[in-house]
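Participant: take this sequence and fold it.
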Amino acid sequence: MQLRFWFDVVCPFAWIASTQVEALAAEAGVELVPQPVLLGGVLQATGAPTVPMDAMSPAKWRIIRDDAVRQAATRGVAIHWPVAHPQRSVDAMRLVAAAPPEKQMGVAADLFQAYWVRGERVTDAAVLGRVARSHGLPTDLHTRPEARAALFARTEDAVRAGVFGVPTLGVGDELFWGVDRLSAARVALGLPPEPRQDLGRRGGRVTFFHDFSSPFSYLASLQIEEVARAAGATIEWVPFLLGALFKQLGGPLVPISTFSDPKRAWVVRDLQRTAAALGAPLRWPSSFPLRTVLPLRVAIQEPATTACLYHAAWADNRDVGDPETVKAVLCEAGFDGAALVQGAAEAGPKATLRENTQRALSMGACGAPTFVVNDEHLFWGQDRLPLVQAALTGWRPPAASLP
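Facilitator: So this is what the prediction gives:
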């Protein structure tokens, strides 16, 4: 078995992953196979924006930037956001791709550190020459035709393999995108998952912003109570209208519809993999994108209905936008469905839903689920629950510092 590692030095998450993959391969007793690629080439080939941050709302960019700093901190990795980011990495990645296989991780490590630790420009021939020289390589290697050909071939191979971003890990036929999927790759390699951080503090509160329209919120709803219980924390469930948030942020109303084909396929597969690990059913609704104003207003009136409404939408493929369906779902779960559906039309739940959505926006949310720990630390995505638990039990997530 092999552990393949696709990367580009321009990506902060690839930098963090690069500090972990050699130890991971050694622990699993498998060969690490570096796969240097040009991220811009991968994005262009898959129809994605070649500078992803330019296509993001400011709220989303802040969260992703902070997430990189936090992911680095949890793994003891230094990271300092460069003044010039993103930089053109083609010459740096040509140098890595043209290096002998046994030297590629060492060359990449030096370039990653130059970019993400020392703030040097990897577009600078002097920097590239210094790195090449330190590994016994020609200082002009990145300019040679064989370097161009090597990087081009690696990038084309990556796209054919289904890679759409970095870092990506490959175990057999499975791809794991993102530094936050290291634990899933560990399991695929036959190793136990990474334990969640617990520094011993108990108490606190996690505010859980969610919308039934999101499969990620569904998976988060299945885990959040255990996370809070383990930390001795309380949960504030806050239903909000995700589409209205997207509209105010100026982003697409159905983000997954804008994904490239390989990214969309991977996301669906990853959701199924996560659901299976939780022992939970997951069936993509035939009525997607879901209309969720009604179930959100129901959950505002009676938070205990949340679980059955999520199950109806994402396990039973029932249209939770239809009043009669919602009424039936609620009655089957032992609630007064007729009263809750009727109450959803009243002024109170309507106003609360608007207020909840505005609250999510004002706190900096860019999607669902969003978690806020002790009114201070914001995390986005069900896969950030390990960070939520760590923050609840004593870890103080650092904020990103911009140059």
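
Participant: so where is this structure shaky, pLDDT-wise?
Facilitator: 400-403 (pLDDT under 70).

Participant: buried residues, stretch 365-384. List them.
Facilitator: 365-373, 377-384 (16 or more other C-beta atoms under 10 Å). C-beta: built from backbone N, CA, C; applies to glycine.

Participant: kindly apply the preceding question to stretch 102-111 instead.
Facilitator: Here stretch 102-111 shows 104-105, 107-111 as buried, counting by 16+ other C-beta under 10 Å.

Participant: contacting residues around it?
Facilitator: 7, 9, 18, 22, 32, 34, 36, 92, 95-97, 99, 122, 131-132, 134-137 (C-beta atoms under 8 Å, 6 or more residues apart in numbering).

Participant: just those: which are in helices?
Facilitator: Of the positions in the contacts of stretch 102-111, 18, 22, 92, 95-97, 131-132, 134 sit in helices, assigned by DSSP state H.

Participant: how about a markdown table for the buried residues of stretch 102-111, with distance to A184 added?
Facilitator: Converted to a markdown table, the buried residues of stretch 102-111 look like this (distance: C-beta to C-beta, whole Å):
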| residue | distance to A184 |
| --- | --- |
| Q104 | 24 |
| M105 | 22 |
| V107 | 28 |
| A108 | 23 |
| A109 | 24 |
| D110 | 29 |
| L111 | 27 |
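
Participant: which one of these is nearest to P397?
Facilitator: Within the buried residues of stretch 102-111, proximity to P397 (C-beta to C-beta) peaks at A109, which comes in at 25.6 Å.

Participant: so that closest one lies in a helix, does it not?
Facilitator: Yes - A109 forms part of a helix when assessed by DSSP: H, G, I helix; E, B strand; the rest coil.

Participant: just to revisit the earlier point, quick check on the ones in helices among the contacts of stretch 102-111: which are buried?
Facilitator: Buried among the ones in helices among the contacts of stretch 102-111 by 16+ other C-beta under 10 Å: 18, 92, 95-97, 131-132.

Participant: quick one on the thing from earlier: for the ones in helices among the contacts of stretch 102-111, which one is nearest L296?
Facilitator: Among those, and counting by C-beta to C-beta, the member closest to L296 is S18, at 41.4 Å.

Participant: now the helices for the stretch 201-350 of the chain?
Facilitator: 215-221, 224-231, 242-249, 261-278, 293-301, 306-314, 323-332, 337-343, 347-363 (DSSP state H, counting those that start in this stretch).

Participant: what residues does the last one touch?
Facilitator: Read that as helix 347-363. Against helix 347-363 from outside (C-beta under 8 Å, 6+ apart): 59, 209, 238-241, 244-245, 248-249, 293, 296-298, 300-301, 343, 370, 372, 378.

Participant: go again using 10 Å as the cut-off
Facilitator: Under the criterion C-beta atoms under 10 Å, 6 or more residues apart in numbering, residues 59, 207, 209-211, 237-245, 247-249, 292-294, 296-301, 340, 343-344, 365-368, 370, 372, 375, 378 lie in contact with helix 347-363.

Participant: same check, this time on the third one
Facilitator: Residues lying outside helix 242-249 but in contact with it, judged by C-beta under 10 Å, 6+ apart, are 56-60, 209-214, 217, 241, 251-255, 289-293, 296, 353-354, 356-358, 360-361, 365-370.

Participant: equivalent analysis for the second one, please.
Facilitator: The set of residues external to helix 224-231 that reach it, using C-beta under 10 Å, 6+ apart, is 196, 198, 200-206, 208, 210, 217, 220, 233-235, 237, 307, 369, 371, 373, 382, 385-386, 388-394.

Participant: centre of the chain to stretch 39-49, how far?
Facilitator: 18 Å (C-alpha atoms, centre = their mean, to the nearest Å).

Participant: rewinding a little: make a markdown table out of the buried ones among the ones in helices among the contacts of stretch 102-111 and add distance to E146.
Facilitator: Shown next, in a markdown table, are those (distance: C-beta to C-beta, whole Å):
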| residue | distance to E146 |
| --- | --- |
| S18 | 24 |
| A92 | 16 |
| L95 | 12 |
| V96 | 13 |
| A97 | 9 |
| V131 | 18 |
| A132 | 14 |
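
Participant: closest to A313 among those?
Facilitator: For those, with A313 as the reference and C-beta to C-beta as the criterion, the closest is S18, at 38.8 Å.

Participant: so that closest one touches V179, yeah?
Facilitator: Yes - using C-beta atoms under 10 Å, S18 is in contact with V179, at 9.4 Å.

Participant: now for those two: what residues contact both?
Facilitator: Joint contacts of S18 and V179 (C-beta under 10 Å, 6+ apart) are 11, 77, 167.

Participant: turn these into CSV, including neighbour count, distance to L191 and secondary structure.
Facilitator: Shown next, in CSV, are the shared contacts of S18 and V179 (neighbours: other C-beta atoms under 10 Å; distance: C-beta to C-beta, whole Å; DSSP: H, G, I helix; E, B strand; the rest coil):
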residue, neighbour count, distance to L191, secondary structure
C11, 23, 24, coil
V77, 21, 20, coil
P167, 27, 18, coil
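
Participant: and which of the residues you listed is nearest to H142?
Facilitator: Nearest member of the shared contacts of S18 and V179 to H142, counting by C-beta to C-beta, is C11, at 18.6 Å.

Participant: quick one on the thing from earlier: give me the buried subset of the contacts of helix 242-249.
Facilitator: Buried among the contacts of helix 242-249 by 16+ other C-beta under 10 Å: 56-57, 59-60, 209-214, 217, 241, 251, 290, 292-293, 296, 353, 356-357, 360-361, 365-370.

Participant: which ones among those residues lie within strands?
Facilitator: 209-210, 370 (DSSP state E).

Participant: select, out of the helices of the stretch 201-350 of the chain, the one closest to D66.
Facilitator: helix 347-363 (13.1 Å).

Participant: how far off helix 242-249 does the closest one point, in degrees?
Facilitator: Counting by axes from the mean of the first three to the mean of the last three C-alpha atoms, to 10 degrees, helix 347-363 lies at 50 degrees to helix 242-249.
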